[in-house]
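> Sequence and predicted structure, then a few things I'm wondering about:
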Amino acid sequence: MKLKKTLIALAATFAAATLAHADVNVGVTVSATGPAASLGIPQKNTVALMPQTIGGQKINYIVLDDASDTTMAVSNTRKLITENKVDVILGSTVTPNSLAMIDVVAENQTPMISMAASARIVEPVDAKKRWVFKTPQNDIMMSLAIAASMADNGVKTVGFIGFADAYGEGWYAEFAKAAALKGLTIVANERYARTDTSVTGQVLKIVAAKPDAVLVAGSGTPAVLPQRALKERGYAGKYYQTHGVANNDFLRVGGKDVEGTLLPSGPVLVAAQLPASNPVKKSALDYVAKYEAAYGKGSVSTFGGHMWDVGLLMQVAVADALKKAKPGTVEFRTALRDALENTKEVHGAHGIFNMSKTDHLGLDQRARVMVKIENGAWKYQP
């Protein structure tokens, strides 16, 4: 009996040691299908370009598709943590999914890096969100850029139409603040679902309000719908979109209906057009070159860039965490969380990251530029 107990104890010790010395397992959930597919596909593609080893340790990526669905994103997160024993979660593509995942990662003390935009994913940094980081620019940063552009272009009144979810609500809240700062008046405030095929009622209300400009707070190809409907109704004011549309699928689907649209974007969208003095140009061009070498010229998107920046942050943080603990342990996950929080001067495709205990994004104004759609292409606006 004593020998049996000894053997069991040795087996348990061996199993624990084996787990602790496992490779670094990275769980990824992206929206590769569904309404957000045009955002999630380049993110999924970018995973193949990310580091395969860090600090001499092999990195295993387990990639799942959440189909742009909140319930599936949560299910994927639980599966990756409980079954795949991942050390970090990357995802999801959209705000509603990412917000829903927070409880799961916090409960399991697993760091998470989101590729969705809303500041609510990481703010305020409380007991749960201390485990959560993200790479896309916050809505307020981009809202201020839009409001400043509107003011410079003589806009006084604005019509707003956004997604009927956390993305649209977050954007309205932040843009309202920016609009007030620039003396803009919001004269219409409408919502629509990502899967809607008609927004006639909402558009009629906006046209009736006669705004100088309209801001569409959507992402991916579903953001074309309100703008197309406004064009069909003869609206001739200025059109603005958010950085949620900064990919070629939006140009392809929107066609002539999105010509002349203004939007804020990460520098990577127009990297080649940036002046040599721009501090992000070099790191943005590096991602463009690698992505296009793998997937073809003109294939790069800002959304893949958010995943690329995740990889750059991981390269620094995982190397630091490996000095303090073994993968597969809560100690390693905690060390990785701490290392992410202390990341400094990481030059990415979208900006330069400087994280802190109160800032789990770490980007500043160098992470945004204004862009105009001209002749079916992105044109940098100095």
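Arrived safely, thanks for sending. Numbers count the residues shown, from 1 in each chain.
> number of nearby residues for Asn153?
Counted with other C-beta atoms under 10 Å, residues neighbouring Asn153 total 12. Where you see a C-beta, it was placed from the backbone N, CA and C, and this is true even at glycine.
> ok, for it, nearest residue in space, not its chain neighbours?
Nearest residue to Asn153 in three dimensions, chain neighbours excluded: Lys238, at 6.3 Å (C-beta to C-beta, 6 or more residues apart in numbering).
> same deal with Val74?
Using C-beta to C-beta, 6+ apart, the closest residue to Val74 is Ala100 (5.1 Å).
> ok, back up a step: need the contact list for the residue nearest to Asn153.
Contacts for Lys238 were tallied using C-beta atoms under 8 Å, 6 or more residues apart in numbering; they are Met150, Asn153, Val155, Asp212, Ala213, Val214, Gly260, Leu262.
> Quick check: it vs Gly220, distance?
With distances defined as C-beta to C-beta, to the nearest Å, the gap from Lys238 to Gly220 amounts to 22 Å.
> what about the strands in the stretch 1-150 of the chain?
24-30, 53-54, 57-65, 88-91, 112-114, 132-134 (DSSP state E, counting those that start in this stretch).
> what does the last one rub up against?
Put plainly, it is strand 132-134. With contact meaning C-beta under 8 Å, 6+ apart, strand 132-134 is reached by 98, 102, 105-106, 111-117, 121-122, 313, 340-341, 355, 360-361.
> Doesn't Thr343 belong to a helix?
No. Counting by DSSP: H, G, I helix; E, B strand; the rest coil, Thr343 is not found in a helix; it is coil.
> which non-adjacent residue is nearest it?
Of all residues not flanking Thr343 in the chain, Met355 sits nearest, at 4.5 Å (C-beta to C-beta, 6+ apart).
> where's that neighbour relative to Ser277, distance?
Applying C-beta to C-beta to Met355 and Ser277 gives a distance of 25 Å.
> Which of those two has more residues huddled nearby?
Taking other C-beta under 10 Å, Met355 and Ser277 do not tie; Met355 has more neighbours (21 against 6).
> hmm, back to that, tell me which of the strands of the stretch 1-150 of the chain lies nearest to Gly328.
For those, proximity to Gly328 was assessed by C-beta to C-beta; strand 24-30 is nearest, at 7.4 Å.
> what does that closest one contact?
For strand 24-30, the surrounding residues in contact (C-beta under 8 Å, 6+ apart) are 40, 43-44, 47, 54, 57-66, 73, 76-77, 80-81, 84-93, 97, 101, 115, 307, 314, 318, 322, 327-328.
> Residue for residue, what is the longest helix the chain has?
helix 302-322 (DSSP state H).
> Pull that one out as CSV, backbone CA atoms only.
Extracted in CSV, the C-alpha atoms of helix 302-322 (Å, rounded to 0.1, in the frame of the first residue of the first chain):
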residue,chain,number,x,y,z
THR,A,302,-6.0,47.5,-40.3
PHE,A,303,-7.8,44.6,-38.5
GLY,A,304,-5.0,42.2,-39.2
GLY,A,305,-2.7,44.9,-38.0
HIS,A,306,-4.4,44.8,-34.6
MET,A,307,-3.5,41.1,-34.4
TRP,A,308,0.0,41.8,-35.5
ASP,A,309,0.4,44.3,-32.6
VAL,A,310,-0.9,41.6,-30.2
GLY,A,311,2.0,39.4,-31.5
LEU,A,312,4.5,42.2,-30.9
LEU,A,313,3.2,42.7,-27.3
MET,A,314,3.4,39.0,-26.7
GLN,A,315,6.9,38.7,-28.0
VAL,A,316,8.0,41.1,-25.2
ALA,A,317,5.7,40.0,-22.4
VAL,A,318,6.2,36.2,-22.9
ALA,A,319,10.0,36.5,-22.9
ASP,A,320,9.7,38.4,-19.6
ALA,A,321,7.3,35.9,-18.1
LEU,A,322,9.4,32.9,-19.0
